[in-house]
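Q: take this sequence and fold it.
(one chain, ligands or ions: 1)
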Amino acid sequence: MTSLADLPIRDDLRGLTPYGAPQKAVRIALNVNENTHPVPDEVVAHVTRAVERALRSVNRYPDREFTALREQLAGYLSTASASPVTVAREQIWAANGSNEVIQHLLQAFGGPGRTVLGFPPTYSMHAIIAAGTGTTWVTGQRDADFRLSPATAAAAVDRHDPDVVFLCAPNNPTGTPLGLDTIAAVYEASRGIVMVDEAYAEFMPAGEPDALSLLPGRERLVVSRTMSKAFAFAGARLGYLAADPAVIDALRLVRLPYHLSALTQAAAVAALEHAPTMLRTVDAIREQRDRLLVELAGLGYAPHASWANFVLFGGVADPQATFEHLLAHDILIRDVGLPNHLRVTAGTPAETTEFLDVLARMAR
Ligand SMILES: *Cc1c(COP(=O)(O)O)cnc(C)c1O
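A: Numbers count the residues shown, from 1 in each chain. Purely as a prediction, here's the structure:
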């Protein structure tokens with residue numbers, strides 16, 4: 001047994017730490033923004049039959065172009081968006097989680113000698129994937145309360161002249177909405193790829209336009225989505241993006257052949273055939289999120305406005321102590337490293353109640 005430091009590892013990886021949200025066996029896990037409702041039984045039955053069919057030809061490599069899956073994803077996006085958008089199959093890319101989609105993006109458009117601009121606090125994996133692909137991570141500041149105005153964002157682009165810009169809408173870990181005007185301003189200011197990570201798009205208020213509506217005429221714009229959150233499919237690993245077909249051609253250059261297994265493709269297609277059923281818990285989750293905003297404030301904490309399925313709250317005197325106290329009650333939430341803040345996922349009504357009850361009984 002040797003240590004990492006003794007290995008001939010890439011110099012730029014020395015001293016880095018891997019993504020490490022604690023994975024603990026607890027009764028109430030509200031730490032990684034999963035949908036805490038299981039997949040409905042009728043969908044489980046349908047997916048099971050689809051996977052069984054796929055198993056009968058698993059001696060063969062899967063469809064490298066995951067054609068049926070791209071068709072389903074394009075159809076879903078074309079009906080799910082609040083804006084009248086049509087997304088074609090040629091505009092879709094998918095991989096094992098949107099993390100891999102983002103990795104493909106940086107393999108193609110980032111890499112050594114190139115920069116990606118992000119706006120922390122934001123999704124921690126953005127900087128980690130930058131490091132893994134040898135892309136230099138540079139950062140811009142946010143405005144008050146984690147907002148990001150068109151002027152602030154465009155000024156950061158002017159200052160850094162990045163090859164890639166990562167936006168996150170709504171932003172993780174803060175829940176902050178991002179205006180389409182900011183996305184458009186960043187696009188205008190930049191010469192590179194602009195990716196909007198919309199992992200939580202389904203939790204936005206009904207009727208709010210999403211970044212898909214900005215795609216027409218913007219060939220450097222990329223909108224990333226996932227089945228890990230609203231779709232309750234985190235364990236299946238399916239993320240995707242929509243962009244100009246030329247961007248998709250670029251991603252083909254860096255993906256490994258057959259990166260999406262036949263079983264993943266079959267499961268995701270079958271699940272998407274039941275999209276409305278898969279998404280029927282979204283309203284209930286939004287309700288618990290809004291309840292968290294009200295009740296956390298009632299307990300004297302300072303929750304931040306959220307359009308996602310989680311709430312970041314300030315006013316925590318000792319985040320580590322509160323985290324440990326909840327854990328002692330079998331409740332796992334997230335310390336995202338922001339002073340005096342913690343983040344909690346909106347779970348089922350019962351999970352939310354128990355979380356709030358334990359907090360209420362705790363001396364602050
Ligand atoms: C959870 C999350 C993802 C999802 O990643 P997957 O690899 O699809 O599970 C992507 N982006 C953000 C901002 C997230 O919070």
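Q: now for whichever helix in the chain runs longest, which elements pack on it?
A: Ranked by residue count and defined by DSSP state H, the top helix of the chain is helix 282-298. Applying 3 or more C-beta pairs under 8 Å, 6 or more residues apart in numbering; DSSP states H and E, one finds that helix 282-298 contacts strand 302-303, strand 310-314, helix 349-361. Glycine gets a C-beta too; all of them are placed from N, C-alpha and C.
Q: near the ligand at all, the second one?
A: No - contact check for strand 310-314 against the ligand, using C-beta under 6 Å from any ligand atom: none in range, with a minimum separation of 8.7 Å.
Q: can stretch 145-159 be said to contact the ligand?
A: No - applying C-beta under 6 Å from any ligand atom, one finds that stretch 145-159 is not in contact with the ligand, the shortest distance being 13.8 Å.
Q: buried sites along that stretch?
A: By neighbour count on 16 or more other C-beta atoms under 10 Å, the buried set for stretch 145-159 is 146, 147, 148, 150, 152, 153, 154, 156, 157.
Q: kindly report the same for stretch 264-278.
A: Neighbour counts over stretch 264-278 (16+ other C-beta under 10 Å) mark 264-275, 278 as buried.
Q: mind picking the lowest-pLDDT entry from these?
A: Lowest pLDDT among the buried residues of stretch 264-278: residue 278, with 93.
Q: quick one: contacts for the closest residue to that one other than its chain neighbours?
A: Leaving out its chain neighbours, the residue that sits closest to residue 278 by C-beta to C-beta, 6 or more residues apart in numbering is residue 231, at 5.1 Å. When contacts are counted by C-beta atoms under 8 Å, 6 or more residues apart in numbering, residue 231 touches 35, 202, 271, 275, 278, 279.
Q: what backbone torsions are found at the closest residue to the last one other than its chain neighbours?
A: To tie it back to what came earlier, the one meant is residue 279. Computed as C-beta to C-beta, 6+ apart, the closest residue to residue 279 that is not its neighbour in sequence is residue 230, at 5.8 Å. As for residue 230, its main-chain torsions (degrees, to the nearest 10) stand at phi -60, psi -40.
Q: show me what contacts the closest residue to the ligand within the stretch 251-364 of the chain?
A: Nearest residue of the stretch 251-364 of the chain to the ligand (C-beta to the nearest ligand atom) works out as residue 308 at 7.9 Å. For residue 308, the residues meeting the contact criterion (C-beta under 8 Å, 6+ apart) are 33, 170, 172, 175, 200, 203, 289.
Q: now swap in residue 158 and tell me
A: residue 189.
Q: list the residues that contact the residue of the chain found nearest the ligand.
A: Residue nearest to the ligand within the chain (C-beta to the nearest ligand atom): residue 97, separated by 2.5 Å. Counting by C-beta under 8 Å, 6+ apart, residue 97 touches 226, 228, 237, 238, 239.
Q: in JSON lines: those, plus distance to the ligand, neighbour count and secondary structure.
A: Below are those laid out as JSON lines (distance: C-beta to the nearest ligand atom, whole Å; neighbours: other C-beta atoms under 10 Å; DSSP: H, G, I helix; E, B strand; the rest coil):
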{"residue": "226", "distance to the ligand": "3", "neighbour count": "25", "secondary structure": "strand"}
{"residue": "228", "distance to the ligand": "3", "neighbour count": "22", "secondary structure": "coil"}
{"residue": "237", "distance to the ligand": "7", "neighbour count": "20", "secondary structure": "coil"}
{"residue": "238", "distance to the ligand": "7", "neighbour count": "29", "secondary structure": "coil"}
{"residue": "239", "distance to the ligand": "4", "neighbour count": "21", "secondary structure": "strand"}
